[in-house]
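K.L.:
Sequence plus predicted model, see below.
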Amino acid sequence: MKRLALLAAFGLLLGTTGCAFTPDPQKDLLEGTSSHAIYKLPPETLLTMARGLLVEQGYELLPTSDPLYVKTTWRIAGNVDIGASWSRVMVQAIRLDDGRTVVRAYRMNYTTNGRAASHPGSFAGQKESKDAGSAGGGSAGGTTGGGQVGRYVMGEPMSPTKPTVYRANDFEWALLGRVDPKLATHLQSRVNAYLAEGKHPAMTEEPAGDLPAAPTEGHL
């Protein structure tokens, strides 16, 4: 059976106070729990599942030299002539000394508004492809340093900000659900029961108490 250990993270997260929470406490707790997961599966198996999820979410995969690392091209939402959100995901599987695996996923976001004239070194105006790899600046239709190839679109999308990178806890939770759907359902039921008591820090000003017992390694 595809099992994983949560290293008592569930109980620890339910007891956390003083952290920044979103308006969705269930999302906070579930995604926070999955970020502490340690899988009893080889990293290659986990990355195969991760690739499948990324494709389902509309991402296109790029080749990488590291077999335990996956990254995507930019997924663009919106009209680049007016304003668009650019998103890419990077997933790394880390093999532990005891043979287990941890997975870390990160999302890079980039917002553009309108277009500007093309110029060398522009960041978002290049189109990546699975064949060319990740391009990072250069001349139109040409080859950049290091063997990278880029192609400009008609006018560069411009942005007032730099890309931001943050932990993609939502993707890690989706991966946990793909690896072990029964475990994901069990965690959801426990989180719902906990929230029903109104003890989550986002729902009360009092510190959380009487927390459910944390799961032991490999058992729930």
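P.N.:
In hand now; what should we look at?

K.L.:
Check which element follows the lowest-mean-pLDDT helix or strand in the chain along the chain.
P.N.:
Ranked by mean pLDDT, DSSP states H and E, the helix or strand of the chain with the weakest confidence is helix 9-14, at a mean of 44. Moving toward the C-terminus from helix 9-14, the next helix or strand (DSSP states H and E) is helix 25-34.

K.L.:
what packs against that following helix?
P.N.:
helix 9-14, helix 169-179, helix 181-196 (3 or more C-beta pairs under 8 Å, 6 or more residues apart in numbering; DSSP states H and E). In this view, the C-beta of every residue, glycine as well, is placed from N, C-alpha and C.

K.L.:
so where is this protein shaky, pLDDT-wise?
P.N.:
Scanning the chain for pLDDT under 70 picks out the ranges 1-22, 117-156, 198-220.

K.L.:
hmm, back to that, dump the helices and strands packed on helix 25-34 into CSV; add mean neighbour count and distance to Asn113 as well.
P.N.:
Listed next are the helices and strands packed on helix 25-34 as CSV, based on neighbours: other C-beta atoms under 10 Å; distance: least, C-beta to C-beta, whole Å:
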stretch, mean neighbour count, distance to Asn113
helix 9-14, 19, 37
helix 169-179, 20, 25
helix 181-196, 15, 38
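
K.L.:
Let me know which of those is the nearest to Gln57.
P.N.:
Closest approach to Gln57 among these (C-beta to C-beta): helix 169-179, 8.0 Å.

K.L.:
and for the closest one, what are the contacting residues?
P.N.:
Under the contact criterion C-beta atoms under 8 Å, 6 or more residues apart in numbering, helix 169-179 has outside partners 2, 4, 27, 30-35, 37, 39, 41, 46, 49-50, 52-53, 57, 89, 91, 103-105, 107, 183-184.

K.L.:
So what's the residue count around Ile38?
P.N.:
18 (other C-beta atoms under 10 Å).

K.L.:
change the start of the numbering to 22 and stick with it
P.N.:
Understood, numbering begins at 22; the last thing we discussed is Ile59.

K.L.:
got the phi/psi numbers for it?
P.N.:
Reported as degrees, to the nearest 10, the phi and psi values for Ile59 are phi -120, psi 120.
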